[in-house]
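# Please find the sequence and the predicted model below.
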Amino acid sequence: MRAVVSDGQRVFLTDVPSPTPGPGQVLIQVRASALNRIDLAMSKGAEHGSVGGTGVPLGVEWAGDIAEVGAGVTAWRVGDRVMGAGIGGFADFTLGYAPLIYPIPAGLSYEQAAALPVGLQTMHDALVTNGAMKPGQAVLVQGASSGIGVAGMQIAKALGAGKVIGSSTSADRRARLKEFGADAVVDTSRADWVQQVLDATDGQGTDLLVDMVAGPYVNGGLAATRIGGRMVNVGRVAGESGDFNFDLHSMRRITYVGVSFRTRTAAEVVEVVARTRNDLGALLDRGKIRMPVAQVFRLEEVGQALEHMAANRHFGKIVLSHVVAEGL
């Protein structure tokens with residue numbers, strides 16, 4: 001089968017053996033896959049938790065059709081349209097563990113479906129499980145124009161947030177945030193961005209801040225979160241370390257939570273996906289949560305797609321179509 005691999009310096013499309021499903025697994029014929037920022041590191045040979053490295057199929061998010069079911073699988077059948085997060089998505093076939101995949105809602109294309117799973121389960125876990133969000137609360141999604149951020153705003157709104165605030169340093173991206181659940185937008189390139197949040201929350205600050213950027217924005221986040229509020233760190237695209245105002249953190253009595261899937265057990269990830277499906281399944285079926293697809297590349301154009309991702313000018317998700325072009 002075709003698969004995208006890295007030799008540590010570059011990515012390329014090559015032929016590798018097709019996988020075979022073991023007990024509890026299904027074999028998926030991948031129709032589309034989505035790029036995530038971790039793919040930039042993995043394209044250089046980096047590992048992601050216990051997976052990745054050189055010579056193995058890349059890609060962590062996909063959608064397609066079940067081609068074969070392994071022993072003990074009863075919830076899925078051959079031909080089911082499914083989407084999920086799991087290694088090896090940039091290939092013609094990949095394996096999925098039965099408890100970790102989602103049905104594709106009727107009417108949703110493979111390209112649209114491939115862009116959803118990572119955002120759904122990451123942000124449900126951040127907002128509901130770790131963020132303890134309650135109906136009526138104000139939620140700030142810091143770095144809201146990312147695919148995960150776009151999902152987070154919609155999930156917060158659908159689950160009853162009183163006010164959803166989205167932040168971005170790009171004017172073009174801020175202009176689109178209200179299409180995807182934001183009641184107010186904040187320009188974090190401005191020195192007064194904390195005041196913007198306070199103005200949007202009657203001077204109280206946000207009840208919950210979900211942070212995809214970190215770095216130099218953390219202390220501002222502490223000041224923008226209400227006394228007794230919560231901050232959940234999901235991503236660190238602006239910096240993995242930096243100054244932290246311990247006194248401000250203490251005086252505002254903020255609960256600061258870090259989350260990652262890379263250090264969770266298989267059972268813990270199964271629980272995350274089960275909670276996500278339970279809370280968001282009906283919303284997905286009704287089209288209440290959607291992901292803008294910024295651009296679709298062919299699988300063989302993966303190098304161009306990664307360059308587009310690295311330029312960081314897109315809104316939503318970049319997707320690879322696995323349909324073989326005529327003449328190839």
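That came in fine, so what should we check first?

# ok, the residue lying closest to G72 once chain neighbours are set aside - how many residues close by?
Spatial nearest neighbour of G72, excluding adjacent residues (Cβ to Cβ, 6 or more residues apart in numbering): P23 at 5.0 Å. Using the backbone N, CA and C atoms, a C-beta is placed for each residue, glycine as well. Other residues within reach of P23, judged by other Cβ atoms under 10 Å, total 9.

# distance of P23 from E268?
20 Å (Cβ to Cβ, to the nearest Å).

# do E111 as well
Look at E111 and E268: by Cβ to Cβ, they are 30 Å apart.

# more crowded one of the two?
E111 (21 against 11).

# Doesn't the more buried one belong to a strand?
No: counting by DSSP: H, G, I helix; E, B strand; the rest coil, E111 is located in no strand; its state is helix.

# so what's it up against?
Neighbour list for E111: 32, 63, 293, 296, 319, 321 [criterion: Cβ atoms under 8 Å, 6 or more residues apart in numbering].

# Same check on S6?
42-45, 54-55, 58.

# so what pLDDT did it get?
On the pLDDT scale, S6 is placed at 93.

# Report the secondary structure element holding Q121.
Q121 belongs to helix 117-124 when assigned by DSSP states H and E.

# Now do the helix or strand just after that helix and helix 117-124, the angle between them.
Counting by DSSP H and E, the next helix or strand C-terminal to helix 117-124 is strand 138-142. Orientation check (axes from the mean of the first three to the mean of the last three Cα atoms, to 10 degrees): strand 138-142 against helix 117-124 gives 140 degrees.

# Quick one: mean pLDDT for strand 138-142?
Mean predicted lDDT for strand 138-142 stands at 98.

# Tell me how far it lies from the chain's centre.
From the chain centre to the centre of strand 138-142 is a distance of 16 Å (Cα atoms, centre = their mean, to the nearest Å).

# The next helix or strand after it vs strand 138-142, what angle?
Next along the chain after strand 138-142, taking DSSP H and E as the criterion, comes helix 147-158. Relative orientation of helix 147-158 and strand 138-142, computed by the same axes, to 10 degrees: 170 degrees.

# by contact count, what packs against helix 147-158?
If contacts are counted by 3 or more Cβ pairs under 8 Å, 6 or more residues apart in numbering; DSSP states H and E, helix 147-158 sits against helix 117-124, strand 138-142, strand 163-168, helix 266-285.

# ok, the second one: who's next to it in the sheet?
Going back to what we said before, that points to strand 138-142. strand 163-168 (parallel), strand 206-211 (parallel) (DSSP bridges).

# And the contacts of that strand?
Outside strand 138-142, the residues touching it (Cβ under 8 Å, 6+ apart) are 127, 131, 133, 149, 152-153, 156, 161-167, 182, 186, 188, 197, 200-201, 204-213, 217, 221, 224-226.

# Could you say which of the helices and strands packed on helix 147-158 is packed most deeply?
Mean neighbour counts were compared across these using mean count of other Cβ atoms under 10 Å; the top stretch is strand 138-142, at a mean of 31.

# Using CSV, list the CA coordinates for that one.
Output in CSV follows, covering the C-alpha atoms of strand 138-142 (Å, rounded to 0.1, in the frame of the first residue of the first chain):
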residue,chain,number,x,y,z
ALA,A,138,-17.5,32.4,30.4
VAL,A,139,-14.9,30.5,28.4
LEU,A,140,-11.8,31.9,26.7
VAL,A,141,-10.2,29.8,24.0
GLN,A,142,-6.6,31.2,23.6
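
# related to what we said a few turns ago, format the contacts of S6 as a markdown table; extra columns: distance to D172.
Shown next, in a markdown table, are the contacts of S6 (distance: Cβ to Cβ, whole Å):
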| residue | distance to D172 |
| --- | --- |
| M42 | 28 |
| S43 | 26 |
| K44 | 29 |
| G45 | 33 |
| T54 | 37 |
| G55 | 39 |
| L58 | 29 |
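
# List just the nearest of the residues you listed to N233.
N233 lies nearest to M42 out of the contacts of S6, by Cβ to Cβ, at 21.3 Å.

# That closest one against L58, yeah?
Yes: between M42 and L58 there is a contact under Cβ atoms under 8 Å: 5.4 Å.

# just the helices in the stretch 201-328 of the chain please.
218-224, 246-251, 266-285, 302-311 (DSSP state H, counting those that start in this stretch).

# And for the stretch 1-150 of the chain?
Under DSSP H, counting those that start in this stretch, the stretch 1-150 of the chain gives helices at 38-42, 110-114, 117-124, 147-158.

# Touching, I87 and E61? I think so.
No: here I87 lies out of contact with E61, judged by Cβ under 8 Å, at a distance of 10.0 Å.
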